[in-house]
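[1] Dropping the sequence and predicted coords here.
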Amino acid sequence: MSKNLKRYERKRGKREAVGKQIRTITFSWVKLDINQGQSVEEWERDGLLSVFCQMMRQIGQYNTTQVYANQMIKQYTKVGFPPDSKFEEPKHVSPSYWAVIHIKPKSKEVVVGYIEDEIYYIVFLDKEHHFWPTKDIQKRGKTKR
């Protein structure tokens with residue numbers, strides 16, 4: 001082999017086979033209803049936004065199957081928009097299933113939205129749990145996935 005050909009030879013690296021990656025949950029604020037619930041600024045002022053950011057960081061490590069199994073996100077599958085909700089059903093979204101994230105275990109503060117293609121679309125910030133009032137907690141528990 002001539003000297004010129006050797007210059008163009010490249011050694012192969014020691015890369016391992018790359019398997020199929022599982023998509024994890026990401027969050028989107030583009031569907032946030034600014035007319036109902038609280039604003040991002042209000043949640044920040046009340047110290048709730050930073051708590052939710054920590055929860056997003058935790059949830060973002062998992063896929064939808066895992067977050068449902070670990071009840072990090074609760075999806076309501078037997079009912080569309082809750083019949084006793086103090087919110088009005090928004091016109092800009094029409095999810096198949098609504099979901100909530102409690103920002104702390106069993107907290108009344110929830111982030112309401114839905115999941116589509118591994119993206120959790122945030123629709124309401126609800127610090128008083130008015131999306132699905134807790135007076136019907138026993139009935140509500142039977143409709144969650």
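    Great, that's in hand.
[2] Does the spatially most central residue of the chain have any beta-bridge partners, and if so which?
    Closest to where the C-alpha atoms of the chain average out (Cα atoms, centre = their mean) is residue 120, at 3.3 Å. Here residue 120 sits in beta bridges with residue 27, residue 115, as judged by DSSP bridges.
[3] what's near enough to touch it?
    Residues near residue 120 by Cβ atoms under 8 Å, 6 or more residues apart in numbering: 25-28, 59, 73, 99, 101, 113-114. Quick note: C-beta positions are derived from backbone N, CA and C, even for glycine.
[4] List the buried residues for the longest helix seen in the chain?
    Among all segments of the chain classified by DSSP state H, the helix with the greatest residue count is helix 48-59. For helix 48-59, the neighbour count (16 or more other Cβ atoms under 10 Å) marks 48-49, 52, 55-56, 59 as buried.
[5] Also stretch 34-44?
    So stretch 34-44, judged by 16+ other Cβ under 10 Å, has buried residues 36-38, 43.
[6] Dump the C-alpha coordinates for that stretch into PDB.
    C-alpha atoms of stretch 34-44 as PDB (Å, rounded to 0.1, in the frame of the first residue of the first chain):
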ATOM      1  CA  ILE A  34     -54.800  31.500  31.600                       C
ATOM      2  CA  ASN A  35     -58.500  32.300  32.400                       C
ATOM      3  CA  GLN A  36     -59.100  29.500  35.000                       C
ATOM      4  CA  GLY A  37     -57.100  28.300  37.900                       C
ATOM      5  CA  GLN A  38     -54.000  30.200  39.000                       C
ATOM      6  CA  SER A  39     -51.200  31.800  37.000                       C
ATOM      7  CA  VAL A  40     -47.600  30.700  36.900                       C
ATOM      8  CA  GLU A  41     -46.700  33.900  38.800                       C
ATOM      9  CA  GLU A  42     -49.200  33.100  41.600                       C
ATOM     10  CA  TRP A  43     -47.800  29.600  42.000                       C
ATOM     11  CA  GLU A  44     -44.300  31.000  42.100                       C
END
